[in-house]
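>>> Attaching a predicted model along with its sequence, questions to come.
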Amino acid sequence: MNALRKFTNGLLGFAVLLLVSAGACFAQSTATLSGTVTDPSGAVVPGAQVTVHSLATGLDRQVTTDSAGLYAVPSLEPGDYQVQAKASGFDGKVTLTVGTDPTSTNWATTMKAMLDRAGFETSLIPMPSANIVSQVLVKKDFQMASWGMSFDDSNAYFRLFQSFNSAAPRYGYSSPAMDAALAKLQVASSKADVTAAMGDISKILNQDVPFLSLAYGTHMIMSNKNVHGLVLTSNQAVLLGGVWVSKS
């Protein structure tokens, strides 16, 4: 599990990076680059700082969007440009806390490259996974997190309730709609009812806290043929209290 923390200084802070080409019209030696800056919801962003960087010369031009989120940069030489927009309240710096195991290290290297390419300044802070879990679940010192959760088809309700119910929010997430969907899943008595309830839960989660991926996987418990009494729970823990071994 990994966490992105200290992501912004304000809820409206963001950064956008684009690559564009500016071409001059016939009989003109320069061009004007213009556009509109919007946030992820589609709302215009007035007062955003727009930087136009020439890939050919390395020179920058800076302008500020007007009350309608519009900007225009005139007198540009034809060529390729990198355009970056930053709103007030965000300095473009991201701190990425990652585990120290090889898988987390590889993930962090890839994520840093993607964030840096998008215009962020990314710093990596490695720490043991147990410390990251405490930071997210106990201290709640994060603003974005990469988290994996699995549950058994035989009892999906247990893990989902443990993670997303409002009575004891494990991640700080709370939603009356989710509570109602979980209650619906708890009393589901048929496969169709379970499918409908899981559909509601999936829709709510992707509206409130979008998942990167939701996929199906398999797991199994292997033992010698003379080992009996293993019990696999819906929490993926194996109960050994009733285990016994036959002679053959």
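Arrived safely. Numbering: from 1, shown residues only.
>>> From now on I want contacts and neighbour counts done on CA atoms only, so please keep to that.
Will do.
>>> Run the chain-centre distance for stretch 125-138.
In terms of CA atoms, centre = their mean, to the nearest Å, the centre of stretch 125-138 is found 17 Å from the chain centre.
>>> ranges for the strands of this protein?
2-5, 15-22, 31-36, 49-54, 60-64, 70-76, 79-86, 93-98, 121-126, 144-146, 227-228, 231-232, 238-239, 244-245 (DSSP state E).
>>> Can you tell me how far the nearest residue to Leu115 once chain neighbours are set aside is from Asn165?
With sequence-adjacent residues excluded and distances taken as CA to CA, 6 or more residues apart in numbering, Leu115 is closest to Thr122, at 6.8 Å. In this view, Thr122 and Asn165 are 33 Å apart by CA to CA, to the nearest Å.
>>> the more surrounded of these two?
Shown here are Thr122 and Asn165; by other CA atoms under 10 Å, Asn165 has more neighbours (22 against 19).
>>> how does the protein divide into domains?
Split into domains by automatic domain parsing, the chain comes to 2-86, 149-217, 218-248.
>>> out of the ones you listed, nearest to Thr95?
Nearest to Thr95, of all these, is domain 2-86, at 5.6 Å by CA to CA.
>>> Please list the residues outside stretch 185-196 that contact it.
Applying CA atoms under 8 Å, 6 or more residues apart in numbering, the contact partners of stretch 185-196 are Tyr157, Ala197, Met198.
>>> Buried among the residues you listed? Make that a ChimeraX selection.
In ChimeraX, this line selects whichever of those come out buried by 16 or more other CA atoms under 10 Å:
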select :157,197,198
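>>> Would you mind confirming that Gly92 makes contact with Gly119?
Yes: between Gly92 and Gly119 there is a contact at 7.3 Å, judged by CA atoms under 8 Å.
>>> Just give me the longest helix of this protein.
Secondary structure of the chain per DSSP state H: the longest helix is helix 191-208.
>>> And for Ala183, the neighbour number?
As a burial measure, Ala183 scores 15 neighbours (other CA under 10 Å).
>>> Over to Asp208?
Asp208: 12 surrounding residues under other CA under 10 Å.
>>> same deal with Glu121?
By the criterion of other CA under 10 Å, Glu121 has 14 neighbours.
>>> what residues are up against it?
Gly92, Lys93, Val94, Leu115.
>>> Which residue comes closest to it once chain neighbours are left out?
Leaving aside its sequence neighbours, Glu121 sits nearest to Lys93 (CA to CA, 6+ apart; 4.6 Å).
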